[in-house]
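Colleague: generate coordinates for the sequence data below:
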Amino acid sequence: MSEVVNPALGDDVLERCARLPLKPEAVVLEGRFVRLEPLDLSEHLEALHAISNGEAIRIGARETAAYDAEAVIWRYMFNGPFANAAALGETLKGQIEAANGLTFCVIDRTLGHPVGVVNYMNNVPTFLKIELGSIWYSPLAQRTNANLEATYLMLEHAFGLGYRRVEWKCDALNARSRKSALRMGFQFEGIQEAHMIVKGRNRDTAWFRMLEWEWPTARVALENLLAREA
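Modeller: A predicted model of the protein is given here:
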C-alpha cells in the first residue's frame, strides 16, 4: 500500500501565515444593530460594570429588573461576578493586553450604550486560526440580535483577513452557548474532558469550529437570520 502524502498548501495560503500579525489589528466593526469598538477602559468600564452587576437597568426604552449576575452572565466565565468596576477592569485589562488577542466593547446602536464584550483570542496566524471567546452580554442584550450580528461581523472580518479556521469553545455545561454556536453555523467537534479547572470546578470543554470553505454558506444563513430579526 502506497503512503498517502498530504499535498503542500499553495503560496497564497502560506503568504497569509507570514502576513497576519500575532495581535490582531484594532478595527471598528459596524453593523446595523451593533458596533464593535476596541475596548477602552477609560471610556467603557463604568458602563460595562453597571450593565453586568445584577442591579436593575434602564437605558432609554429598554429595562431589566434586578437579576442574579452569577447565574445570568458569569457562571461559565473565568472570572466574575465583580464587586466593583475596578475588579472588572483588572480582568478586562488582561484581555486587552493579551499578546494574541483583541477585545471589543459591543455597543447597541439603538441605545448608544455598551451591552457586552467579545474577543478575538488564542490567535495563531502561523496556522491561520483564531478563536471567538470571553463573550458576555448584559440582560439588556440577551435574546436580541446583538450576539448574532457581533458574531457575524467577527467571522466576516476574520475570514476576510485570510484565516482558515475560527474556533468557539465553551463549558460543556453551557447549553445556551452550545445552542448559539450551532445556530450560527459552527460545527461541533467534540468534548475535551477535564480540560480546565475554573473557579475551583472541573471544566469539560465543548469545541466548535467554522472553516473558510464553510463560511459562504454560513454567511448567507446568518444574513437571512439577521434580516428576519430586523
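Colleague: do a quick rundown of the helices in the chain.
Modeller: 11-19, 41-50, 69, 85-96, 146-161, 175-183, 215-228 (DSSP state H).
Colleague: and Arg19, how many neighbours?
Modeller: 10 (other Cβ atoms under 10 Å). Using the backbone N, CA and C atoms, a C-beta is placed for each residue, glycine as well.
Colleague: do you know how far the residue nearest to it when sequence neighbours are not counted is from Met77?
Modeller: Using Cβ to Cβ, 6 or more residues apart in numbering and skipping the chain neighbours, the partner closest in space to Arg19 is Gly162 (7.4 Å). Going from Gly162 to Met77 by Cβ to Cβ, to the nearest Å gives 30 Å.
Colleague: can you give me the end-to-end distance of stretch 44-55?
Modeller: 18 Å (Cα to Cα, to the nearest Å).
Colleague: quick one: buried residues of that stretch?
Modeller: If you call a residue buried by 16 or more other Cβ atoms under 10 Å, then stretch 44-55 has these buried ones: 44-45, 47-49, 51-54.
Colleague: ditto for stretch 192-200
Modeller: Buried residues in stretch 192-200, counted by 16+ other Cβ under 10 Å: His195.
Colleague: what mean pLDDT does that stretch get?
Modeller: Taken as a whole, stretch 192-200 has a mean pLDDT of 98.
Colleague: what lies in contact with that stretch?
Modeller: Contact partners of stretch 192-200, identified using Cβ atoms under 8 Å, 6 or more residues apart in numbering, comprise 78, 171, 202-205, 207.
Colleague: now with 7 Å?
Modeller: Defining contact as Cβ atoms under 7 Å, 6 or more residues apart in numbering, one finds that stretch 192-200 is touched by 78, 202-205, 207.
Colleague: and those residues as a markdown table, adding neighbour count?
Modeller: As requested, the contacts of stretch 192-200 are exported to a markdown table (neighbours: other Cβ atoms under 10 Å):
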| residue | neighbour count |
| --- | --- |
| Phe78 | 14 |
| Asn202 | 13 |
| Arg203 | 19 |
| Asp204 | 13 |
| Thr205 | 17 |
| Trp207 | 18 |
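Colleague: if I look at the closest residue to Trp74 other than its chain neighbours, how far off is Ala65?
Modeller: Among residues not flanking Trp74 along the chain, Gly80 sits closest, at 3.4 Å (Cβ to Cβ, 6+ apart). From Gly80 across to Ala65, the span is 20 Å (Cβ to Cβ).
Colleague: what do you get for Arg219?
Modeller: Counting by Cβ to Cβ - Arg219 and Ala65 are separated by 37 Å.
Colleague: which one of the two is surrounded by more residues?
Modeller: When Arg219 and Ala65 are compared for neighbours, Arg219 comes out ahead with 16 against 9, by other Cβ under 10 Å.
Colleague: who's in contact with that one?
Modeller: Counting by Cβ under 7 Å, 6+ apart, Arg219 has contacts Glu156.
Colleague: hmm, 8 Å instead?
Modeller: Contacts of Arg219 (Cβ under 8 Å, 6+ apart): 152, 155-156.
Colleague: okay, now Leu153: neighbour count?
Modeller: Here the count is done by other Cβ under 10 Å, and Leu153 has 23 residues near it.
Colleague: can you tell me the closest non-neighbouring residue to it?
Modeller: Spatial nearest neighbour of Leu153, chain neighbours left out: Leu29 (4.2 Å); criterion: Cβ to Cβ, 6+ apart.
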